[in-house]
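Undergrad: generate a structure from the sequence data that follows.
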Amino acid sequence: MNFQSDQEVIESWLYGKRPHTLKAYQYRIAEFMTFVDKPLKDITLPNLQRFQESLHGALNTQRLTINVVRSLFTFAFKEGYLDKNTAASKGFHPPKATDRLSERMLTEEEVHAIINAASKHRDRVFIRLLYLTGVRVSELCSLQWGDVRKSKKSTQITVMGKGMKNRTIRLSQSATELIETLRGNAKPNDPVFRSQKCGHLDPSQAWRIVRAAASQAGIDKDVSPHWFRHSHASHALEKGVNPALVRDTLGHSNLSITDRYVHSNPNDSSGMYLDA
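TA: Numbering: from 1, shown residues only. Okay, here's the model as predicted:
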């Protein structure tokens, strides 16, 4: 594609990204372009390194910012807009992520306490389904009744995950009964979880719901909706669920991602079998 400006490149690179991803990428690229204050073709490795040095806050946030910039440069290079991919240099790479997954998990007691502390029936159902299905908050917020299919044997929901990939999740009997309390006379295109304006519940509102319920439950942690996904995986593996099934339910691309939950919450070690 014959791009004439940085703006055209950026717009094409952003095209098709999911709303929450789009917003995050736009913010970080705007931050980057403001800092370097020059066209993409004129940006040098020292410019990139100075930008990285200017970043503050959590390492994982810095890592995301660097990866976003690298993604843009890779796209621009592949499309022929840039003669070389300066951001691919070894001198500009994201800091190593710290795996603090174990700090973002809840006990079963904490999960139940948060659910029970939610002030509205819709909110209690929403939080319970975050935990029982392990879906991402954006996947649950975008769910509509046409995605919920009932049969004599089971109920299934179909969600759109990362990479625009659909996956189908079978609901337990308790989860089925929960979600059906919200159906009423809803049509297939109606959202399962309605906002006050009768549209889809927004992920940002879901965050506020979860944090308010956690606070009400007396849990002094910065709980987010994603913690229920982490907790789902950890608790399922603890109960002996096949890791491959957990992988497929959560939509992980491979088992190595699912294995992180085993390592983050170990209840056994080889040392337990040694004597000295």
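
Undergrad: show me where the chain has its helices.
TA: Here the chain has its helices, by DSSP state H, at 6-14, 19-36, 45-54, 59-78, 108-117, 121-133, 137-141, 173-180, 203-216, 226-238, 243-250, 255-264.

Undergrad: Asp147: which of these is closest?
TA: Asp147 lies closest to helix 137-141 among the helices of the chain, at 9.7 Å (Cβ to Cβ). Where C-beta positions appear, they are placed from N, C-alpha and C, glycine not excepted.

Undergrad: so what touches the closest one?
TA: Identification of contacts with helix 137-141 by Cβ atoms under 8 Å, 6 or more residues apart in numbering yields 18, 20, 126, 129-130, 133, 159-161, 192-193, 200-203, 206-207, 225-226.

Undergrad: how does it look with 10 Å?
TA: For helix 137-141, the external contacting residues (Cβ atoms under 10 Å, 6 or more residues apart in numbering) are 18-21, 126-127, 129-130, 133, 135, 147, 157-162, 167, 169, 191-193, 195, 200-207, 209-210, 224-226, 228-229, 251.

Undergrad: need the helices of the chain in CSV with distance to Pro95, mean pLDDT and mean neighbour count, can you?
TA: Output for the helices of the chain, formatted as CSV (distance: least, Cβ to Cβ, whole Å; pLDDT from 0 to 100; neighbours: other Cβ atoms under 10 Å):
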stretch, distance to Pro95, mean pLDDT, mean neighbour count
helix 6-14, 23, 95, 16
helix 19-36, 15, 92, 15
helix 45-54, 9, 94, 14
helix 59-78, 5, 92, 18
helix 108-117, 30, 94, 17
helix 121-133, 30, 93, 21
helix 137-141, 26, 92, 23
helix 173-180, 39, 88, 15
helix 203-216, 26, 94, 17
helix 226-238, 21, 86, 21
helix 243-250, 26, 82, 17
helix 255-264, 19, 54, 15
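
Undergrad: now distance to Pro94 too, for the ones you listed, in a markdown table please.
TA: Shown next, in a markdown table, are the helices of the chain (distance: least, Cβ to Cβ, whole Å):
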| stretch | distance to Pro94 |
| --- | --- |
| helix 6-14 | 18 |
| helix 19-36 | 12 |
| helix 45-54 | 9 |
| helix 59-78 | 4 |
| helix 108-117 | 32 |
| helix 121-133 | 29 |
| helix 137-141 | 23 |
| helix 173-180 | 37 |
| helix 203-216 | 25 |
| helix 226-238 | 20 |
| helix 243-250 | 24 |
| helix 255-264 | 18 |
